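# coordinates only, sequence not included:
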């Protein structure tokens with residue numbers, strides 16, 4: 001399976017997936033940490049991929065998404081963006097609405 005097929009499979013299998021540096025319990029950059037905090041504030045279930053553990057995904061995703069930095073959040077296979085975009089969308093309530101379409105968000109989570 002080539003890298004694009006692996007990425008497509010991950011996106012198809014996970015309604016919400018965060019490609020990040022580190023793990024939710026141990027983010028290895030401030031931007032990844034902020035992305036995790038935002039998703040947790042939304043009360044959403046999400047999958048994650050630690051790009052440090054999979055260099056092929058790390059490089060392949062940059063080309064696949066045409067987005068050179070991490071973290072990268074995908075909802076229903078669509079690239080949302082990094083932590084700055086996530087924060088902006090969260091503050092406007094847009095991220096919560098987007099997450100609600102996946103059935104993985106907690107409607108009681110505060111904004």
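Yep, it's here. Everything numeric here is computed off the predicted structure, so don't read it as measured data.
# quick one: strands adjacent to the helix or strand hosting residue 80?
Residue 80 is part of strand 78-81, with elements assigned from DSSP states H and E. Strand pairing for strand 78-81, using DSSP bridges, gives strand 72-75 (antiparallel).
# Tell me which residues touch residue 18, please.
Residues in contact with residue 18 (Cβ atoms under 8 Å, 6 or more residues apart in numbering) are 32, 35-36, 39, 46-49, 71-74. All C-beta spots, glycine's among them, are computed from the backbone N, C-alpha and C.
# can you pick the most crowded of the residues you listed?
residue 35 (31 neighbours; other Cβ atoms under 10 Å).
# which other residues reach the host helix or strand of it?
Using DSSP H and E, residue 35 sits within helix 30-42. With contact meaning Cβ under 8 Å, 6+ apart, helix 30-42 is reached by 16, 18, 20-22, 24, 27, 46, 69-71, 73, 82-84, 86-87, 90, 95-96, 99, 105-106, 109-111.
# Tell me the buried residues within the residues you listed.
Buried members of these, scored by 16 or more other Cβ atoms under 10 Å, are 16, 18, 20-22, 24, 27, 46, 70-71, 73, 82-83, 86-87, 90, 95-96, 99, 105.
# Can you list which of the residues you listed are found in strands?
Under the assignment DSSP state E, the buried ones among the contacts of helix 30-42 contribute 16, 18, 20, 22, 27, 73 to strands.
# Could you identify the most distant pair in those?
The most widely separated members of these, counting by Cβ to Cβ, are 16 and 22 (17.6 Å).
# wait, isn't residue 56 in contact with residue 3?
Yes - in this structure residue 56 lies within contact range of residue 3 using Cβ atoms under 8 Å: 5.5 Å.
# Settle it for me: which of those two has more neighbours?
Neighbour totals were compared for residue 56 and residue 3, and residue 3 leads with 15 against 12 (other Cβ under 10 Å).
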